[in-house]
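**Q** Here's my sequence, what's the structure:
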Amino acid sequence: MSKIVYRGCTCLALALVDIVILSNAQDCFAAAEGDIEHLKLIVTAHQANRAAIDTCQGRAEIESTFADINGPVLQDSFLVEFLSDCRREVTRWTWTHDERYVREGLEFNGEPIPKTVSEPVNAMTTRMGYYHRAPSITTREGERLCTLVIWPLERARRSYEGCFDPMWYLTGHKTLCTDDLVERLVFLYRRVKNEGDQRIKATREGDGVILELDWGTVLNRHTFSLVRGGNVVKYFGRDQNSTDRREWTYEQKNGVWVPKTFVSNYKTDSPEFLGNTSRTWKVTFVENIVNERIPLSEFSLKALGYNSSEQLEDRREYHAPIYDNTRTWDERILREIEALPAPAPYEELPLDFAPPLLGKPLPE
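**A** Alright, predicted model coming up:
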């Protein structure tokens, strides 16, 4: 009987906070002369594409595999149906667990890993919260209950499974950015311009820009495509005990580039723990509908499947736990969506990358 403790290899990959880029011809990098100004090309293309996306909806299939030298240990397949209004920064999705394979004898903290699939989860994120409608549970009396819990937004961003936002595959933590992609590139640009950091290099190769960060024991590379919306298409990360390879493909819908596939393969070498292990995460967008109007009613408690007999609890900081009727909460959600100023992070280039104003008249 094998006894394996799974600690989430993907989280280790996300800890590589420095952004990056990849190329197969590694020998070319030594000869290529870097120019950090190439980051402006990425930001300009990325912002133009991102600003043109108002709404996005569709379906995605996800495959997750955790394996060791003897083959798969744990395999799961999921289906996600999603709706996202980028202008209001609100996304709702249904996460369905389709299939599960568990190697015989697999345990976690001394308990067998269940082989049954979990129930579907309905969830939503707004600018101010993460709404999670938990699957049904059975009480001691045999009653089936559901609970809607409102968590801080950061809880959704930290999660790899169970949470979904199509824009995460353009900007955000799925690209190994700890924050917005453009903000991160601006940060790296300033490190080079203001501090002369020579460990950060940007090189141009055809229609791509390669950003490389070499910290000695940690290496990160990203390759961005200037003809596919300034989006990242490849990534390679390496430290002393692990490698992380990621690839993206995109398709053009209504004149903008949106994700089509995403594959992450994270490998570790820890002989004192599990030995050689790998975690593969594959996302295939089987349907992408871009810039079609989504009614606000799609972002409500009713759309989440909530009914008045269920418990509702707000666990956000600075929000006292409140139990209220559906109408009041839906009105509150609408305020979270509409009351704040319209987001404009993709409307204007950062000052570092904007055209020079010297010699031009000041704007009104």
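
**Q** Quick one: residues contacting residue 290.
**A** Going by Cβ atoms under 8 Å, 6 or more residues apart in numbering, residue 290 touches 53, 55-56, 253-254, 256, 258. Heads up, the C-betas are built off the backbone N, CA and C, glycines and all.

**Q** Would you report which members of those residues are assigned to strands?
**A** 55-56, 253, 256, 258 (DSSP state E).

**Q** Most neighbours among those, which one is it?
**A** Counting neighbours by other Cβ atoms under 10 Å, residue 56 comes out on top of the ones in strands among the contacts of residue 290 with 26 neighbours.

**Q** That one contacts residue 167, correct?
**A** Yes - in this structure residue 56 lies within contact range of residue 167 using Cβ atoms under 8 Å: 7.4 Å.

**Q** shared neighbours of those two, anything?
**A** Residues touching both residue 56 and residue 167 by Cβ under 8 Å, 6+ apart: 84, 86.

**Q** got the CA coordinates for stretch 169-177 in CSV?
**A** Extracted in CSV, the C-alpha atoms of stretch 169-177 (Å, rounded to 0.1, in the frame of the first residue of the first chain):
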residue,chain,number,x,y,z
TYR,A,169,-5.1,33.5,-18.6
LEU,A,170,-4.3,36.9,-20.1
THR,A,171,-3.2,38.7,-16.9
GLY,A,172,-3.0,37.7,-13.3
HIS,A,173,-1.7,34.7,-11.3
LYS,A,174,-2.0,32.1,-14.1
THR,A,175,0.8,33.9,-15.9
LEU,A,176,2.9,33.8,-12.7
CYS,A,177,2.2,37.5,-12.1
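
**Q** Residue numbering should commence at 20 henceforth.
**A** Renumbered: residue one is now 20, and that last one reads stretch 188-196.

**Q** which residues are in contact with it?
**A** Stretch 188-196 is contacted from outside by 32-33, 35-36, 38-39, 65, 68-69, 176, 184, 187, 198-201, 203, 239, 241, 248, 250-251, 254, 256, 265, 267, 277-278, 281, 302, using Cβ under 8 Å, 6+ apart.

**Q** looking only at pLDDT, what's the mean for it?
**A** The average pLDDT for stretch 188-196 rounds to 82.

**Q** Also stretch 126-135?
**A** 84.

**Q** chain center to it, what's the gap?
**A** Counting by Cα atoms, centre = their mean, to the nearest Å, stretch 126-135 is centred 27 Å from the centre of its parent chain.

**Q** quick one: buried residues of that stretch?
**A** For stretch 126-135, a neighbour-count test (16 or more other Cβ atoms under 10 Å) marks nothing as buried.

**Q** Kindly report the same for stretch 229-236.
**A** By 16+ other Cβ under 10 Å, the buried positions in stretch 229-236 come out as 229-233.

**Q** Using the three-state scheme, assign residue 371.
**A** Assigned by DSSP: H, G, I helix; E, B strand; the rest coil, the conformation of residue 371 is coil.

**Q** Around it, count how many other residues there are.
**A** 14.

**Q** residue contacts, it?
**A** Contacts for residue 371 were tallied using Cβ under 8 Å, 6+ apart; they are 205, 208-209, 212.

**Q** for residue 60, same thing?
**A** By Cβ under 8 Å, 6+ apart, the neighbours of residue 60 are 223, 228, 245, 249.

**Q** so how many other residues sit close to the last one?
**A** The burial metric for residue 249, expressed as a neighbour count using other Cβ under 10 Å, is 24.

**Q** Surely it touches residue 70?
**A** No - using Cβ under 8 Å, residue 249 is not in contact with residue 70, being 11.3 Å away.

**Q** Quick check: which ranges of the protein have low pLDDT?
**A** 20-52, 154-164, 197, 290-293, 337-346, 358-367, 374-377, 382-383 (pLDDT under 70).

**Q** Regarding residue 356, what is its secondary structure?
**A** Following three-state DSSP, the label given to residue 356 is helix.

**Q** my read: it touches residue 145, true?
**A** Yes - because the distance of 5.8 Å satisfies Cβ under 8 Å, residue 356 is recorded as touching residue 145.

**Q** what's the overlap in contacts for those two?
**A** Common neighbours of residue 356 and residue 145 (Cβ under 8 Å, 6+ apart) are 107-109, 318.

**Q** Write a PyMOL command that selects only the buried members of these.
**A** The following PyMOL line selects those of the shared contacts of residue 356 and residue 145 that are buried, judged by 16+ other Cβ under 10 Å:
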select buried, resi 107+108+109+318
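
**Q** And the shared contacts of residue 356 and residue 145, which two are furthest apart?
**A** Using Cβ to Cβ, the two most remote members of these are 108 and 318, lying 10.8 Å apart.

**Q** okay, and the common contacts of those two?
**A** The contact lists of residue 108 and residue 318 share 145, 356, where a contact means Cβ under 8 Å, 6+ apart.

**Q** Quick check: residue 331 vs residue 150, distance?
**A** To residue 150, residue 331 is 10 Å away according to Cβ to Cβ, to the nearest Å.

**Q** The two: which has the busier surroundings?
**A** Using other Cβ under 10 Å, the more surrounded residue of residue 331 and residue 150 is residue 150, with 26 against 20.
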